[in-house]
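Student: return atomic coordinates for the entry below.
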Amino acid sequence: MKQKQNIVFFFSDQQRADTLGCNGQPLPVTPCLDRFACEDAVNFSNAFTPQPVCGPARAMLQTGLYPTQTGCYRNAVSLPPGQKTLARYLKEGGYRVAYVGKWHLASDEHGNHYETIPVPPERRGGYDDYWMAADVLEFTSHGYGGYVYDKDGNKLEFIGYRADCLTDHAVRYIEEYDSEKPFFLMVSHIEPHHQNDRGDYEGPEGSKERFGDFVPPPDLEPGKGDWEEFYPDYLGCCNALDTNFGRVVEALKKKGIYDRTMVIYASDHGCHFRTRTDEVAEHGYDDYKRNSFEGTIHVPMLIKGDGFGKGVNEERVVSLLDLPRTILTAAGIETGKLDLQGRPLQELDAPDWKEEVYIQISESFVGRALRTRQYKYVVYAPEANPWTQSGSDVYREKYLFDLAQDPLERNNLIADPLYAEVKAGLRERLLELGLKACLRSEEHTSELQSPCNLVC
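Tutor: Sure thing, here's the model as predicted:
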């Protein structure tokens, strides 16, 4: 019987896809990832997140469900303790499970406050074999210095650069692993996310000098937002992640298990550097990510493992929500009958694969979007409160972009009669996907219950 793959998921926070050299970054920001993409992995260069907010994206990855299905549609909503998760599925499949870094799924506004104290076992999503984490990592650490907790609640302080120190725990886990069972290790970094309490990006010392001659991404307009000040440190954070990803790969090779380990690199969402804050609805909020634009939803995704090619640049559109089924499939777990969204990326060559990502927008406005290979279609509920409402009974059309002709999304075609037929097709598909993403409550039966609830 073939031995099951180990699985390592190296996860970043708020990282744009174009920070990687294999995705067009001209500076030497990600040499380890670029080599990984060139020699060992598939680079999914058109990967998109279905929810561009930290907590909801993490809930989605841990459950394989849309955030509205678990109730985790915005930050400060905890994952239900009894929710079936990736860790629990994998443990049933014979895996050991390990978690390092930022969790962001335990604290909420209903008396569960673990922002700076240990997350209790029942709120760790089933990661009970190895745990070196903090619920809200930006509350327990800065770029340099801070602390996390182990599985027994012991406080583990560090003084070096945060990405290096967290990776130390991941490397140590690999070095000391001696179980006959395969393992799943998730390494969840906060870089290159901004440091909230300081209003800054905290790259390693020297980042401003190393990456000061950056070429700005074309969607970031001069004089708008804060990217001109912070982009060098942002790239410095990405470079630190790259170095630490290389350390994990080297540890797997030194242990002699790299060839039988699936390795995934991805991020929860991108970053628009405050250049899109004029999109916020009443009662809403956005600083760096909460919308449907490409800089926000386009994420890096690289995968090495059984069933995946080597040195392949895959341009077909895929979703971050495809990863839970992909991981479980790699673990030998049949996912066909499981109550999960997404589709295993091992099935990408199937003739019925649809190049589309259904996106839920929260916190800035209540919205839904469909991103296909060529188009992006966005609807919103202007009267809905984006902090207290996960959805709406009525949505209005907001954007239509032809990304083949307008990759920077400057020309909104939503009222253009020449695109009426295109829009009708996208609208129909958005409604179909809204039915698939049904809410688990007695009040609603679907996201978008019928065509009459989408107002033109």
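
Student: mind checking how far the residue lying closest to E209 once chain neighbours are set aside is from D242?
Tutor: Using CB to CB, 6 or more residues apart in numbering and skipping residues adjacent in sequence, the residue nearest E209 is P232, 8.0 Å away. For the C-beta atoms, the positions are set from N, CA and C on the backbone; glycine is no exception. Separation of P232 from D242 (CB to CB, to the nearest Å) stands at 15 Å.

Student: between these two, which has more neighbouring residues?
Tutor: Just comparing P232 and D242: by other CB atoms under 10 Å the higher neighbour count belongs to D242, 25 against 21.

Student: pretty sure the more buried one contacts F36?
Tutor: No: at 9.4 Å, D242 does not count as touching F36 under the criterion of CB atoms under 8 Å.

Student: what sits against the nearest residue to W387 once chain neighbours are set aside?
Tutor: Sequence neighbours aside, H283 is the residue nearest to W387 in space, at 5.9 Å (criterion: CB to CB, 6+ apart). Contact partners of H283, counting by CB atoms under 8 Å, 6 or more residues apart in numbering, are 385-388.

Student: now the phi/psi pair for the residue nearest to E209, please.
Tutor: phi -60, psi -40 (degrees, to the nearest 10).

Student: okay, it: pLDDT?
Tutor: Per-residue confidence at P232 stands at 98 (pLDDT).

Student: same check on L435?
Tutor: So, for L435, pLDDT stands at 79.

Student: likewise for the one 10 residues further on?
Tutor: The predicted local distance difference test score for T445 is 39.

Student: for S441, same thing?
Tutor: Predicted confidence (pLDDT) for S441: 36.

Student: also L454?
Tutor: 49.

Student: state the mean pLDDT of stretch 138-151.
Tutor: For stretch 138-151, the per-residue pLDDT averages 98.

Student: and what about V378, helix, strand or coil?
Tutor: strand (DSSP: H, G, I helix; E, B strand; the rest coil).

Student: so who does it touch?
Tutor: 292, 361, 367-370, 397-400.

Student: list just the nearest of the residues you listed to A381.
Tutor: Proximity of the contacts of V378 to A381 (CB to CB) peaks at G367, which lies at 7.2 Å.

Student: doesn't V379 make contact with that closest one?
Tutor: Yes: G367 is within contact range of V379, at 6.3 Å (criterion: CB under 8 Å).

Student: list residues touching both of those two?
Tutor: With CB under 8 Å, 6+ apart, G367 and V379 have common neighbours 395, 398.

Student: which phi and psi does D219 have?
Tutor: Torsion angles, degrees, to the nearest 10, at D219: phi -80, psi -10.

Student: just give me the neighbour total for it.
Tutor: Around D219 there are 22 residues (other CB under 10 Å).

Student: what about the closest residue to it other than its chain neighbours, which SS state?
Tutor: Spatial nearest neighbour of D219, excluding adjacent residues (CB to CB, 6+ apart): G295 at 4.9 Å. Secondary structure assignment for G295 (three-state DSSP): helix.

Student: check the gap between G295 and R198 for me.
Tutor: 23 Å.

Student: mind putting the contacts of V378 into JSON lines with neighbour count?
Tutor: Below are the contacts of V378 laid out as JSON lines (neighbours: other CB atoms under 10 Å):
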{"residue": "S292", "neighbour count": "29"}
{"residue": "I361", "neighbour count": "30"}
{"residue": "G367", "neighbour count": "27"}
{"residue": "R368", "neighbour count": "27"}
{"residue": "A369", "neighbour count": "25"}
{"residue": "L370", "neighbour count": "22"}
{"residue": "E397", "neighbour count": "17"}
{"residue": "K398", "neighbour count": "20"}
{"residue": "Y399", "neighbour count": "19"}
{"residue": "L400", "neighbour count": "20"}
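
Student: and those, which is closest to R325?
Tutor: Relative to R325, the closest of those is L370; by CB to CB it sits at 20.0 Å.

Student: circling back: which ones among the contacts of V378 map onto helices?
Tutor: Assignment to helices by DSSP state H places none of the contacts of V378 there.

Student: among those residues, which pair sits farthest apart?
Tutor: Taking CB to CB, no two of the contacts of V378 sit farther apart than I361 and L400, at 15.5 Å.

Student: mind listing the helices for the stretch 51-200 of the chain?
Tutor: Ranges of helices within the stretch 51-200 of the chain are 54-63, 67-70, 86-92, 137-140, 162-176, based on DSSP state H, counting those that start in this stretch.

Student: and the helices in the stretch 351-456 of the chain, which stretches?
Tutor: Going by DSSP H, counting those that start in this stretch, the stretch 351-456 of the chain shows helices at 420-436.

Student: low-confidence stretches in it?
Tutor: 438-456 (pLDDT under 70).

Student: sorry, back to before: out of the contacts of V378, the closest to C72 would be?
Tutor: I361 (14.5 Å).

Student: now the residue lying closest to that closest one once chain neighbours are set aside: how far from E356?
Tutor: Once flanking residues are discounted, I361 sits nearest to G367: 3.6 Å by CB to CB, 6+ apart. With the distance defined as CB to CB, G367 ends up 16 Å from E356.

Student: enumerate every residue touching L65.
Tutor: By CB under 8 Å, 6+ apart, the neighbours of L65 are 59, 339-341.

Student: just give the number of residues close to the residue lying closest to V136 once chain neighbours are set aside.
Tutor: In this structure, V136 finds its nearest non-sequential neighbour in E115, 4.3 Å apart by CB to CB, 6+ apart. E115 has 17 neighbours, counted by other CB under 10 Å.

Student: and for Y173?
Tutor: Using other CB under 10 Å, Y173 has 22 other residues around it.

Student: with E176 instead?
Tutor: Counted with other CB under 10 Å, E176 comes out at 9.

Student: on that earlier part again, out of the contacts of V378, which sit inside strands?
Tutor: The strands, defined by DSSP state E, take in 361, 367-370, 397-400 from those.

Student: counting contacts, what elements does the host helix or strand of C237 pack onto?
Tutor: Using DSSP states H and E, C237 falls within helix 227-255. When contacts are defined as 3 or more CB pairs under 8 Å, 6 or more residues apart in numbering; DSSP states H and E, helix 227-255 sits against strand 6-12, helix 31-39, helix 162-176, helix 207-210, strand 261-267.

Student: swap the cut-off to 6 Å and go again
Tutor: helix 31-39, helix 162-176, helix 207-210 (3 or more CB pairs under 6 Å, 6 or more residues apart in numbering; DSSP states H and E).

Student: let me have the ones you listed in JSON lines, adding distance to H110 and mean pLDDT as columns.
Tutor: What follows is those, written out as JSON lines (distance: least, CB to CB, whole Å; pLDDT from 0 to 100):
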{"stretch": "helix 31-39", "distance to H110": "39", "mean pLDDT": "98"}
{"stretch": "helix 162-176", "distance to H110": "29", "mean pLDDT": "98"}
{"stretch": "helix 207-210", "distance to H110": "39", "mean pLDDT": "97"}
